[in-house]
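> The sequence isn't on hand, but the structure is:
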């Protein structure tokens, strides 16, 4: 790809936004439905259109968020392990999706929709997603001095919102140095989704102060030319007591220990600040482990 001028990048972004976002498609946050009633009326997921006050539901109504009885990941061609990981992330409210509502397939529940996922994006850290949601990518702009304004960003679900920034500040995400290095690679290939605030940096440069960022979940072998698929995490071992990268199963003795129940019930197997897989020390998990440890004394 050759170098682009600033004007050419903005024009291409405006065309991309206008043509790539049909009315039935969009970007959404996901959270699990915790109501206690029969499936598929309960137990699915709630979807909220990003950067919008209201979400258009399958029945044509508008609400703050809309319900779907299931999340369909089949279009992503994920492995069984990756699909399980994605569903777990959706259940933890740690995933963003691009897609649309469609008719379900439950006899007698024709009005209950399902959600068809076209893209799935995984939260990089445990920090809250604050600010405006953007798709960002570094463009090959010819630049002779700072600020270069070579990062294109468009607000998700907002046509005509394309703009350019000089830099992204990842400090509020609490990502590790290796995570930020990997994010920079992705920024030059498939891009990143960001929850960020627009700010003014050194020298009056326009920057994005990222509060959270998301990396695309792709099927094996679908990495960008300069990017990396990254490594998702999954429980492994005989009793699911070890958190390790997908595709790297670990064999452990099949000897049950009481703390294993804590990991099964409260465990969040995911990337840690060190960029390696591990169990996130949530208050629920720690309380369970402390209780088990105290009972064993």
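Great, that's in hand. Given the structure is predicted, the values throughout are model-derived calculations rather than measurements.
> Which residues are in contact with residue 105?
residue 114 (C-beta atoms under 8 Å, 6 or more residues apart in numbering). Bear in mind the C-beta positions are built from the backbone N, C-alpha and C, glycine included.
> ok, 7 Å please
Going by C-beta atoms under 7 Å, 6 or more residues apart in numbering, residue 105 touches no other residue.
> Tell me, please, where in the stretch 1-150 of the chain the pLDDT is lower than the cut-off.
The stretch 1-150 of the chain contains residues with pLDDT under 70 at 1-24, 142.
> which stretches of it form strands?
Using DSSP state E, counting those that start in this stretch, the strands of the stretch 1-150 of the chain run over 26-32, 45-49, 55-56, 62-63, 66-68, 71-72, 95-103, 113-123, 132-138.
> other SSEs contacting the third one?
In this case it means strand 55-56. Judged by 3 or more C-beta pairs under 7 Å, 6 or more residues apart in numbering; DSSP states H and E, strand 55-56 is in contact with strand 45-49, strand 62-63.
> Nearest to residue 199, out of those strands?
strand 45-49 (24.7 Å; C-beta to C-beta).
> Any chance of CSV for the helices and strands packed on strand 55-56, columns mean neighbour count and distance to residue 106?
Shown next, in CSV, are the helices and strands packed on strand 55-56 (neighbours: other C-beta atoms under 10 Å; distance: least, C-beta to C-beta, whole Å):
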stretch, mean neighbour count, distance to residue 106
strand 45-49, 22, 15
strand 62-63, 12, 21
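> Compare the ones you listed and give me the one nearest residue 214.
Set against residue 214 and scored by C-beta to C-beta, the helices and strands packed on strand 55-56 come closest in strand 45-49, at 15.0 Å.
> Run the angle between that closest one and strand 113-123 for me.
70 degrees (axes from the mean of the first three to the mean of the last three C-alpha atoms, to 10 degrees).
> Including distance to residue 148, could the strands of the stretch 1-150 of the chain go into a markdown table?
Formatted as a markdown table, the strands of the stretch 1-150 of the chain follow (distance: least, C-beta to C-beta, whole Å):
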| stretch | distance to residue 148 |
| --- | --- |
| strand 26-32 | 27 |
| strand 45-49 | 32 |
| strand 55-56 | 36 |
| strand 62-63 | 40 |
| strand 66-68 | 40 |
| strand 71-72 | 39 |
| strand 95-103 | 28 |
| strand 113-123 | 26 |
| strand 132-138 | 9 |
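> so which of those gets nearest residue 234?
Residue 234 lies closest, by C-beta to C-beta, to one member of the strands of the stretch 1-150 of the chain: strand 113-123, at 13.1 Å.
> who does that closest one touch, helix- and strand-wise?
Contacts defined by 3+ C-beta pairs under 7 Å, 6+ apart place strand 113-123 against strand 66-68, strand 71-72, strand 95-103, strand 206-216.
> In TSV, list those strands along with distance to residue 34 and mean neighbour count.
Output for the helices and strands packed on strand 113-123, formatted as TSV (distance: least, C-beta to C-beta, whole Å; neighbours: other C-beta atoms under 10 Å):
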stretch	distance to residue 34	mean neighbour count
strand 66-68	12	22
strand 71-72	15	19
strand 95-103	17	21
strand 206-216	22	23
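> Can you add distance to residue 164 and give these back as JSON lines?
What follows is the helices and strands packed on strand 113-123, written out as JSON lines (distance: least, C-beta to C-beta, whole Å):
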{"stretch": "strand 66-68", "distance to residue 164": "33"}
{"stretch": "strand 71-72", "distance to residue 164": "34"}
{"stretch": "strand 95-103", "distance to residue 164": "22"}
{"stretch": "strand 206-216", "distance to residue 164": "7"}
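> What strand or helix carries residue 164?
Secondary-structure assignment from DSSP states H and E places residue 164 in strand 163-165.
> sorry, back to before: show me the one of the strands of the stretch 1-150 of the chain that comes nearest residue 287.
Nearest to residue 287, of the strands of the stretch 1-150 of the chain and by C-beta to C-beta, is strand 26-32 at 21.1 Å.
> Name every strand pairing with that closest one and say which way it goes.
Partner strands and pairing direction for strand 26-32 (DSSP bridges) are strand 45-49 (antiparallel), strand 95-103 (antiparallel).
> now those strands as a markdown table including distance to residue 270?
Output for the strands paired with strand 26-32, formatted as a markdown table (distance: least, C-beta to C-beta, whole Å):
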| stretch | distance to residue 270 |
| --- | --- |
| strand 45-49 | 19 |
| strand 95-103 | 11 |
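> The nearest residue to residue 188 once chain neighbours are set aside: neighbour count?
The shortest distance from residue 188 to any residue other than its chain neighbours is 4.8 Å, reached at residue 138 (C-beta to C-beta, 6 or more residues apart in numbering). Number of residues near residue 138 (other C-beta atoms under 10 Å) recorded here: 19.
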